[in-house]
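Asks: no sequence for this one, just the structure:
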């Protein structure tokens, strides 16, 4: 598939905000672990801004943005419609939590609702791709696991950076524990990604050139697409990159999304530094953009069996 950068920015920014909100809600369910000023003046506003940026980015994927409201009409059967409803719902719940914070104490049930809403949004986003059965790379539970783990990783790193900025210059002693938790999340996400890549390499198309074209025979060779130039099918369902480019992007993903941040986190466990965590988050997010690009690019649409050659 040809990756759309609007969707890449939407899923990565929203996923980071969801991870931040998930940890904020989880830490405060049993009691006010994080201070009210930190939550109301930094954590919740940052998460709301990221969700808003993701929402704005998603509009660039629409041919007619003025008709975006219609996307929610098919919520009974469409995961995309459910996502369109779930994202604003998370934003509304975040805003309600903010107003509860500035007016008093946030009830436990609201933290639970916020936590569950982030999970629901992850499910809706992942299911958009996971439910497409004829794209084998996506039609697997690892799609949801990948979205959740990377969202938690990026959100956890953002929470760690915000806590260090808020408490500057006195960095809390418990920051090494947060670095350790983020390290574990990245380790799990790395192993899932390596397993997914191995699985995708072993996938075989369920159809072949004969079944795609309807021509009977065992020795069918395609020499022409059937028309003079490209079309919507050739532009939108293939990334048009060489194997060398794809291989280099995989190396960038491994280094920037997983290995590099893990090394920096390991260093930060013994010597916490705001600059170090900021660099870790920046590198991780840049790698996350490449990872999400690859997520779309490695999806092999069955129609490519027919549209193999332009000429």
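Replies: Okay, I see it. Everything numeric in this text was worked out from a predicted model, so none of it was measured.

Asks: give the contact list for residue 125.
Replies: Shown in contact with residue 125 (C-beta atoms under 8 Å, 6 or more residues apart in numbering): 11, 14-15, 83, 147. (Each C-beta comes from the backbone N, C-alpha and C, glycine too.)

Asks: One more pass at 6 Å, please.
Replies: residue 83 (C-beta atoms under 6 Å, 6 or more residues apart in numbering).

Asks: Secondary structure element holding it?
Replies: Using DSSP states H and E, residue 125 falls within helix 108-130.

Asks: what's the spacing between that helix and its chain's center?
Replies: 13 Å (C-alpha atoms, centre = their mean, to the nearest Å).

Asks: ok, now stretch 160-168?
Replies: How far stretch 160-168 lies from its chain's middle: 24 Å, per C-alpha atoms, centre = their mean.

Asks: For residue 75, which residues are in contact?
Replies: Residues in contact with residue 75, defined by C-beta under 6 Å, 6+ apart, are 81-82, 85.

Asks: Neighbour-wise, give me the winner out of those residues.
Replies: For the contacts of residue 75, the largest number of neighbours (other C-beta atoms under 10 Å) sits with residue 82, at 21 neighbours.

Asks: Next one: the closest residue to that one other than its chain neighbours from residue 144, what distance?
Replies: Nearest residue to residue 82, sequence neighbours excluded (C-beta to C-beta, 6 or more residues apart in numbering): residue 124, at 4.5 Å. Residue 124 is 10 Å from residue 144, where distance means C-beta to C-beta, to the nearest Å.

Asks: More neighbours: the two, which one.
Replies: Remark: of residue 124 and residue 144, residue 124 carries more neighbours, 20 against 16, as counted by other C-beta under 10 Å.

Asks: isn't the more buried one right next to residue 86, touching?
Replies: Yes: at 4.8 Å, residue 124 counts as touching residue 86 under the criterion of C-beta atoms under 6 Å.

Asks: follow-up on the earlier one: so which of the contacts of residue 75 is the closest to residue 261?
Replies: Proximity of the contacts of residue 75 to residue 261 (C-beta to C-beta) peaks at residue 82, which lies at 31.5 Å.

Asks: Tell me which helix or strand the closest one sits in.
Replies: Residue 82 is part of helix 79-103, with elements assigned from DSSP H and E.

Asks: what sits up against that helix?
Replies: Under the criterion C-beta under 6 Å, 6+ apart, residues 36, 39-40, 44, 48, 51, 71-72, 74-75, 106, 110, 113-114, 117, 120-121, 124-125, 127-128, 131 lie in contact with helix 79-103.

Asks: Mind checking which of those residues are buried?
Replies: If you count burial by 16 or more other C-beta atoms under 10 Å, the buried members of the contacts of helix 79-103 come out as 39-40, 44, 48, 51, 71-72, 75, 106, 110, 114, 117, 120-121, 124-125, 127-128.

Asks: Rounded mean pLDDT for whichever helix or strand residue 18 is part of, please.
Replies: Using DSSP H and E, residue 18 sits in helix 5-28. Average pLDDT, helix 5-28: 95.

Asks: contact partners of that helix?
Replies: Outside helix 5-28, the residues touching it (C-beta under 6 Å, 6+ apart) are 33-34, 43, 47, 50-51, 53-54, 57-58, 60-61, 111, 114-115, 118, 121, 151-152, 154-155, 158-159, 288-289, 292-293.

Asks: Quick check: buried residues in that helix?
Replies: 6-25, 28.

Asks: and what of stretch 248-264?
Replies: Using 16+ other C-beta under 10 Å as the test for burial, stretch 248-264 gives 249-250, 252-254, 256-258, 260-262, 264.

Asks: Now flag whichever of those is closest to residue 175.
Replies: Checking the buried residues of stretch 248-264 one by one against residue 175 (C-beta to C-beta), the nearest turns out to be residue 264, at 13.4 Å.
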